[in-house]
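> Give the three-dimensional model of this entry:
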Amino acid sequence: MIEREEMNVPNIPPSTGSGSNTILSPSSGDNEETFEVGLRPQTLNEFIGQNDIKQNLSIFIEAAKKRQEPIEHVLLYGNPGLGKTTLAHIIANEIGSQIRITSGPALERVGDLAAIISNLGRGDILFIDEIHRLNKTIEEIMYPAMEDYALDIIVGKGPTARTLRLSLEKFTIIGATTRLSLLSSPLRDRFGVTHHLNFYTDEDIASILKRSAKILKVQIDENAILLLSQRSRRTPRIANRLLRRVRDFAEVKADGCITSGLCEQALELLSVDELGLDQTDRRILETIIEKFSGGPVGLNTIAAATQEEIETIEEVHEPFLLQIGFLERTPRGRTVTPRAYQHLKRDIPTTRLL
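Here you go, the predicted structure:
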């Protein structure tokens with residue numbers, strides 16, 4: 001229920017996300033928003049990768065347009081930097097709707113949500129990033145808003161208080177989260193469409209880099225694109241960030257043209273190895289090997305031993321190390337795999353060979 005005096009709340013900007021600010025962090029930094037927007041595709045045809053999702057969204061959007069109805073609520077989940085925000089903007093562009101953007105942590109009071117959704121027109125989209133971080137009170141207000149397009153408002157106080165239901169235009173919520181398990185079942189069930197964004201292939205990353213280089217008017221050869229795609233952790237945001245850094249290196253150390261040799265030098269200076277691991281990734285693996293015999297070891301212990309925050313390890317470093325098969329999760333903790341030993345040029349213990 002929403003008290004009337006809480007309704008006059010301005011639109012709240014989205015948070016910038018959490019996580020490490022390293023070159024290989026998949027989270028967006030404060031100064032990257034303008035850069036990312038300039039490279040963001042505007043249509044599904046321009047969007048590279050995630051082909052199954054694109055095909056399903058295309059049918060879903062076309063069907064809604066033919067029925068002249070707002071699209072159902074959409075939930076997008078996956079690691080940071082894979083394109084959840086971009087897809088939200090594309091959906092809005094494809095159906096010709098306005099999009100308002102906020103985030104779970106920014107919606108601190110029920111009035112924050114009410115002020116936004118009460119001003120949405122028919123078919124408009126509200127994009128909520130980090131939707132798993134909504135507080136319980138606001139989440140409960142969203143249930144009738146999503147299902148019945150209505151807000152329950154308390155008028156008056158004490159024994160004379162009564163409830164009024166405010167009708168809303170039919171709108172669409174697009175939620176994005178990196179932690180699907182933290183969403184309550186009632187909230188998940190109110191989304192008609194749910195899609196999981198996976199890590200990209202090296203080929204898709206290479207195509208994204210070519211497109212970005214063309215937009216940025218950067219000359220880059222095929223071998224340099226291949227190098228960058230192999231070290232971008234299968235994440236478009238990281239690929240574009242590396243391209244940006246290598247472009248700076250080329251402008252200072254050369255004539256602005258990115259060759260494979262120059263790219264190799266720049267990546268070495270950035271401490272990004274041939275598989276896309278940085279110094280922190282290697283320190284995490286080496287700490288588990290040297291201090292804990294390769295594991296298993298708990299996440300809290302790893303964080304204490306490496307002096308990294310638990311959230312940074314869990315959200316920035318661990319997903320990629322799991323994806324490439326360098327770490328394993330077990331009931332007793334994290335374990336380094338033989339593949340990681342080989343990459344770090346360490347002797348593999350006999351127990352790891354069994």
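> Now do the contacts for the residue nearest to residue 170 when sequence neighbours are not counted.
Distances taken as CB to CB, 6 or more residues apart in numbering place residue 70 nearest to residue 170, at 4.7 Å, with adjacent residues excluded. For glycine as for every other residue, the C-beta is placed from the backbone atoms N, C-alpha and C. Residues counted as contacts of residue 70 (CB atoms under 8 Å, 6 or more residues apart in numbering) are 64, 97, 122-123, 170-172.
> Filter those residues down to just the ones in strands.
Of the positions in the contacts of residue 70, residue 172 sit in strands, assigned by DSSP state E.
> now the residue most central in space within the chain: how far from residue 102?
Nearest to the mean C-alpha position of the chain, counting by CA atoms, centre = their mean, stands residue 80 at 2.5 Å. Distance, residue 80 to residue 102, by CB to CB, to the nearest Å: 17 Å.
> pLDDT weak spots in the chain?
Residue ranges of the chain with pLDDT under 70: 1-36, 154-156, 158, 350-354.
> picking up where we left off before, residue 312 is in contact with the residue nearest to the centre of the chain, correct?
No: using CB atoms under 8 Å, residue 80 is not in contact with residue 312; the gap is 12.0 Å.
> Now whichever strand or helix holds residue 195: buried residues?
Using DSSP states H and E, residue 195 sits in strand 193-196. Using 16 or more other CB atoms under 10 Å as the test for burial, strand 193-196 gives 193, 195.
> Please put the alpha-carbon coordinates of the helix or strand harbouring residue 145 into CSV.
Taking DSSP H and E as the definition, one finds residue 145 inside helix 136-147. Extracted in CSV, the C-alpha atoms of helix 136-147 (Å, rounded to 0.1, in the frame of the first residue of the first chain):
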residue,chain,number,x,y,z
LYS,A,136,10.5,-6.3,0.0
THR,A,137,8.0,-3.5,0.5
ILE,A,138,8.5,-2.1,-3.0
GLU,A,139,8.4,-5.7,-4.5
GLU,A,140,5.0,-6.2,-3.0
ILE,A,141,3.7,-3.0,-4.5
MET,A,142,4.9,-4.2,-7.9
TYR,A,143,2.6,-7.3,-7.9
PRO,A,144,-0.7,-5.5,-8.5
ALA,A,145,1.1,-3.0,-10.8
MET,A,146,2.4,-5.8,-13.0
GLU,A,147,-0.7,-8.0,-12.9
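> Is residue 101 part of a helix or strand, or is it coil?
strand (DSSP: H, G, I helix; E, B strand; the rest coil).
> quick revisit: ok, now how distant is the residue nearest to the centre of the chain from residue 49?
Using CB to CB, we find residue 80 at a distance of 16 Å from residue 49.
> Check residue 105 too.
Counting by CB to CB, the gap between residue 105 and residue 49 amounts to 28 Å.
> swap in residue 185?
From residue 185 across to residue 49, the span is 30 Å (CB to CB).
> Name the residue in those two with the higher neighbour count.
Set side by side, residue 185 and residue 49 show more neighbours around residue 49, with 20 against 7, by other CB atoms under 10 Å.
> So what does that one have for phi and psi?
phi 90, psi -180 (degrees, to the nearest 10).
> thinking it is in contact with residue 199, fair?
No: counting by CB under 8 Å, residue 49 does not reach residue 199; the two are 9.4 Å apart.
> Okay, and residue 165 sits in which element?
Counting by DSSP H and E, residue 165 is part of strand 162-167.
> any idea where the helices of the stretch 151-300 of the chain begin and end?
Ranges of helices within the stretch 151-300 of the chain are 185-189, 202-216, 222-230, 236-253, 260-269, 279-292, 299-306, based on DSSP state H, counting those that start in this stretch.
> tell me which strands and helices the third one is in contact with?
Right, the one you point to is helix 222-230. Counting contacts by 3 or more CB pairs under 8 Å, 6 or more residues apart in numbering; DSSP states H and E, helix 222-230 packs against helix 202-216, helix 236-253, helix 260-269.
> Helix 222-230 and the longest one, what's the angle between them?
Direction vectors for helix 236-253 and helix 222-230, defined by axes from the mean of the first three to the mean of the last three CA atoms, to 10 degrees, enclose an angle of 140 degrees.
> Buried residues, helix 236-253. List them.
236-247, 249-250.
> From the contact counts, what lies against it?
Judged by 3+ CB pairs under 8 Å, 6+ apart, helix 236-253 is in contact with helix 33-39, helix 202-216, helix 222-230, helix 260-269.
> again, only this time at 7 Å
Using 3 or more CB pairs under 7 Å, 6 or more residues apart in numbering; DSSP states H and E, the elements in contact with helix 236-253 are helix 202-216, helix 222-230, helix 260-269.
> Quickly compare the ones you listed and say which is most buried.
helix 222-230 (a mean of 20; mean count of other CB atoms under 10 Å).
> Now do that one and helix 202-216, the angle between them.
Using the same axes, to 10 degrees: helix 222-230 against helix 202-216 is 120 degrees.
> which residues touch helix 222-230?
If you take CB atoms under 7 Å, 6 or more residues apart in numbering as the criterion, helix 222-230 is touched by 202, 205-206, 209-210, 239, 242-243, 246, 258-260, 263-264, 267, 274, 276.
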